[in-house]
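Colleague: sequence plus predicted model, see below.
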There are 2 protein chains.
Amino acid sequence: MEASYTIEAIEGGIGAVGGFYCGATNVGLREGSEQGDVAYIRSEIPCDVAAIFTQNRFAAAPIKHFRRYGKGFQTDFVLINAKNANAMTGEKGVEDIDAIFEALERYTDTLNPIMSSTGVIGYRLPVERIVSGLEPLDFFAKDADAAAKATMTTDSFKKELAYEVRLENGESFRIAAIAKGAGMINPQMATMLCFIVTDADVPSEAMRAMLQEGAEQSFNRISVDGDMSTNDTVMLLCNRESGNYHEAAFKEALHRMMFELAMMILRDGEGASKTVAFHVKGAADDQEARIAAEALSNSLLVKTALFGEDPNWGRIASTIGACGVACDEERLSIYYDDLVVYDKAHPELDAAREAQAHEIMKQSHFTITCDLGMGEGSYTAYGCDLSYDYVKINAEYRT
Amino acid sequence: MEASYTIEAIEGGIGAVGGFYCGATNVGLREGSEQGDVAYIRSEIPCDVAAIFTQNRFAAAPIKHFRRYGKGFQTDFVLINAKNANAMTGEKGVEDIDAIFEALERYTDTLNPIMSSTGVIGYRLPVERIVSGLEPLDFFAKDADAAAKATMTTDSFKKELAYEVRLENGESFRIAAIAKGAGMINPQMATMLCFIVTDADVPSEAMRAMLQEGAEQSFNRISVDGDMSTNDTVMLLCNRESGNYHEAAFKEALHRMMFELAMMILRDGEGASKTVAFHVKGAADDQEARIAAEALSNSLLVKTALFGEDPNWGRIASTIGACGVACDEERLSIYYDDLVVYDKAHPELDAAREAQAHEIMKQSHFTITCDLGMGEGSYTAYGCDLSYDYVKINAEYRT
């Protein structure tokens, strides 16, 4: 059966979605840089909002500020800053956000404005500097490029996408997003921010479940270094301006967008030179498959072997054996793409297969499949290699 | 009260302990190298043996071979090889050990000989090469230095210790060990081998509990990279030749030796430039303290900040917040040695304290203390920094 809709990538990012504006400015948070550091997303119609936040117990001030609004509030404004996470700043951190939004009223009306921050933990926001930087902002801009770039920290490229969904009946709606994230990416999300906007007429009560399901299949499956930040945020804003909706089409567009953004973040993993899908199947159940796949995507020895392009499958096997799931040396098989590198019939990697495996590892993306041979459970996690540059970036990130 | 015994470091390693012999040879497992690769430990009197092995489900062939002897067996011989882990080699891997020990009988009598291996996973042992290398071995050597060096893989220095324990009544006994380990060191042990021998008259039934208690306080508290190998072994051999024993003295000597060896392994963590004690106190209970301390010692972002000597305490806080233990931003305090870098009264690190913190971080060893302020639980884990060299060593380890 043919799909009764099409999903097409379009230009213009968030600015291409009906009723949304976005832009950025430089208030001087990045010392000595002319790159933007504060971005906004604004809607001319109040939006319903669904959000998923970090599970870190030290949730940053912007998250506390958001939660103060209570259930089911509407908003028309998001302000995002880089370089300072406004985390571990206590009640003062929330008061600083209030002060910024009070000052913002001088330049534009807002309804329940939301803040989002990323950067270093443990320092108060420079409120005066941010406020003074808001005055020259054009609140009717459609500059998704500037907004995406202003949210970058250790990101080496901006992440934004926009899709147009066309239905069989000729109606259409749009969905777009900006995201940032490059390090600290963990199966429970990580220092990543993602703002998705749509003019589709999504039922309010369906938003959160669709967002959560999308995160399970995307951001929650990627790992750069296994850490989880204080600021992680994935947010969906819906202003319904198009008046159009198709559940399957919207869900597919949303989930495809989230997966694409997650893969962009993974490719931009700090210092990463390649990405790998770790597909575990034949586990006792899906939960065990997930434990094994995440153990592989987080293992330093696996990650350094990927960087060295060394088909040392013993580190894969050892990680499976160490992660606590039911497994058996006699039943395990390991593949690099379609090449078997270990199973009972191929216990040693001969020179020909070793050369083939090495070629597969040279690719910028490939799949490592582990069939545990124990049951029907499966899961795929996505990871990257660990390079000299990861150490360099993270040893020097703050100073 | 003064201790009724003394524990003194002595020369001679395992060879200094009554009735034990040790030595090594080069059978050509390290291509192009003249370094020894096969070592032995032998006792002229049959020994009781206690051992702790890896919890990896893919336990290597030597561990399967050991377990075949069943409970309470005695032994007088341990053969150790480097460069090949004899793991993921199936039943053939165990048969290879049988073949080696069958051949060994040509040169020396043994009782229930034990094998131990470390190196690359997934390749059969070169049985013929090992057997032919055994012929020239002097089985009456006292060469602990050669034995310790032959077991090294990525170790940059050999690890061996010997103590003499003198009791108030003039009696004495000795205890000595060799160990190897430098990478893959995990709170559940890791690619580490440790052989401890003693001529003390230790009650057979007490050996295992004392060894386990020692491991909990030493090898299980160190982390280099959070991985757990297929071959980890800590073994205690007791030949009772001295006829002397004092429970508290023996236990103290054993545990001190295990802790010292663990610290040597940590200092030799692949590419590590410094070691850090992560002391968590004020946790809801000891188990939560342990979770938090191990999360800190395993965090890539903490480890790279240590390498960069950057007093970025936000990464410490974020890791505590992410690890799932009960905590509260208002109650947390963080210290580098005795310097408070974060608490409610010091939410931001001022320039003076930042400079002091940086000085503390320049040391080759220091302590990071996190007081969670939630209860009475405490635990200390030991970790090291993550350097360029870690990546280099592990990207290139095999090829």
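Modeller: Right, received. Where do you want to start? Numbers count the residues shown, from 1 in each chain, chains lettered A, B, ... in the order given.

Colleague: can you show me the CA trace of stretch A:105-122 as PDB?
Modeller: Provided in PDB are the C-alpha atoms of stretch A:105-122 (Å, rounded to 0.1, in the frame of the first residue of the first chain):
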ATOM      1  CA  GLU A 105       9.000  42.800  28.000                       C
ATOM      2  CA  ARG A 106      10.500  46.200  27.000                       C
ATOM      3  CA  TYR A 107      11.200  44.900  23.500                       C
ATOM      4  CA  THR A 108       8.500  42.300  22.800                       C
ATOM      5  CA  ASP A 109       5.400  40.800  24.400                       C
ATOM      6  CA  THR A 110       5.700  37.200  25.500                       C
ATOM      7  CA  LEU A 111       3.400  34.600  27.000                       C
ATOM      8  CA  ASN A 112       5.000  32.300  29.500                       C
ATOM      9  CA  PRO A 113       8.500  32.600  28.000                       C
ATOM     10  CA  ILE A 114      10.800  29.600  28.300                       C
ATOM     11  CA  MET A 115      14.600  29.700  28.700                       C
ATOM     12  CA  SER A 116      17.100  27.000  27.800                       C
ATOM     13  CA  SER A 117      20.900  27.100  28.400                       C
ATOM     14  CA  THR A 118      24.000  25.100  27.600                       C
ATOM     15  CA  GLY A 119      27.600  25.600  28.700                       C
ATOM     16  CA  VAL A 120      29.700  25.500  31.800                       C
ATOM     17  CA  ILE A 121      28.100  24.500  35.100                       C
ATOM     18  CA  GLY A 122      28.300  26.500  38.300                       C
END
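
Colleague: tell me the helix or strand right after the longest helix seen in chain A.
Modeller: Scanning chain A for the helix with the most residues, using DSSP state H, yields helix A:247-267. Using DSSP states H and E, the helix or strand that directly follows helix A:247-267 along the chain is strand A:275-283.

Colleague: quick one: low-confidence ranges for chain A?
Modeller: Within chain A, the stretches with pLDDT under 70 are A:1-3, A:182-190, A:223-227, A:270, A:390-399.

Colleague: quick one, domains of it?
Modeller: As given by automatic domain parsing, the domain ranges for chain A are A:5-267, A:275-395.

Colleague: to residue B:288, which of these lies closest?
Modeller: Shortest distance between residue B:288 and those, using C-beta to C-beta, is found for domain A:5-267: 11.8 Å. Backbone N, C-alpha and C define where each C-beta goes, glycine included.

Colleague: endpoints of that closest one, how far apart?
Modeller: In domain A:5-267, first residue to last residue: 30 Å (C-alpha to C-alpha, to the nearest Å).

Colleague: tally of neighbours for the residue of the stretch 1-150 of chain A found nearest chain B?
Modeller: Residue nearest to chain B within the stretch 1-150 of chain A: residue A:121 (2.6 Å; C-beta to the nearest C-beta). By other C-beta atoms under 10 Å in any protein chain shown, 26 other residues sit near residue A:121.

Colleague: on that earlier part again, mind checking if the longest helix of chain A is in reach of chain B?
Modeller: No - Helix A:247-267 lies apart from chain B when judged by C-beta under 8 Å from any C-beta of the partner chain; the minimum separation is 15.5 Å.

Colleague: give me the element residue A:178 is part of.
Modeller: Here residue A:178 sits within strand A:172-180, counting by DSSP H and E.

Colleague: quick check: residues of the stretch 201-350 of chain A near chain B?
Modeller: A:225-230, A:299-301, A:304-305, A:307-308, A:310, A:312-315, A:317-322, A:325-330, A:342, A:344, A:347-349.

Colleague: and the closest residue to chain B within the stretch 251-399 of chain A, what does it touch?
Modeller: Proximity of the stretch 251-399 of chain A to chain B (C-beta to the nearest C-beta) peaks at residue A:314, 2.6 Å away. The contact partners of residue A:314, taken as C-beta atoms under 8 Å, 6 or more residues apart in numbering or on different chains, are B:85, B:87-88, B:120-122, B:230.

Colleague: please redo it, this time with the cut-off set to 6 Å
Modeller: B:121-122 (C-beta atoms under 6 Å, 6 or more residues apart in numbering or on different chains).

Colleague: now the nearest residue to residue A:149 once chain neighbours are set aside: how far from chain B?
Modeller: Distance criterion C-beta to C-beta, 6 or more residues apart in numbering or on different chains; nearest residue to residue A:149, sequence neighbours excluded, is residue A:158 at 5.0 Å. Counting by C-beta to the nearest C-beta, to the nearest Å, the separation of residue A:158 from chain B is 23 Å.

Colleague: can I assume residue A:158 is in contact with residue A:150?
Modeller: No - using C-beta atoms under 6 Å, residue A:158 makes no contact with residue A:150, being 9.2 Å away.

Colleague: which one's more surrounded, these two?
Modeller: Applying other C-beta under 10 Å to residue A:158 and residue A:150 shows that residue A:150 carries more neighbours, namely 28 against 20.

Colleague: quick one: residue A:134 from residue A:110, how far?
Modeller: When distance is defined by C-beta to C-beta, to the nearest Å, residue A:134 is 11 Å away from residue A:110.

Colleague: now swap in residue A:325 and tell me
Modeller: According to C-beta to C-beta, residue A:325 stands 49 Å off from residue A:110.

Colleague: touching, residue A:318 and residue B:230? I think so.
Modeller: Yes - the pair residue A:318 / residue B:230 is scored as a contact, 5.3 Å apart, by C-beta under 6 Å.

Colleague: which SSE is residue A:23 in?
Modeller: According to DSSP H and E, residue A:23 maps onto strand A:20-25.

Colleague: what's the angle between that strand and strand A:172-180?
Modeller: Strand A:20-25 runs at 20 degrees relative to strand A:172-180, counting by axes from the mean of the first three to the mean of the last three C-alpha atoms, to 10 degrees.

Colleague: how far out from the middle of the chain is strand A:20-25?
Modeller: Its chain's C-alpha centre and that of strand A:20-25 lie 20 Å apart, by C-alpha atoms, centre = their mean, to the nearest Å.

Colleague: stretch A:193-201 too?
Modeller: Centroid displacement of stretch A:193-201 relative to its chain, using C-alpha atoms, centre = their mean, is 14 Å.

Colleague: cool, stretch A:33-42 as well?
Modeller: In terms of C-alpha atoms, centre = their mean, the centre of stretch A:33-42 is found 19 Å from the chain centre.

Colleague: how long is it end to end?
Modeller: Stretch A:33-42 has an end-to-end distance of 25 Å (C-alpha to C-alpha).
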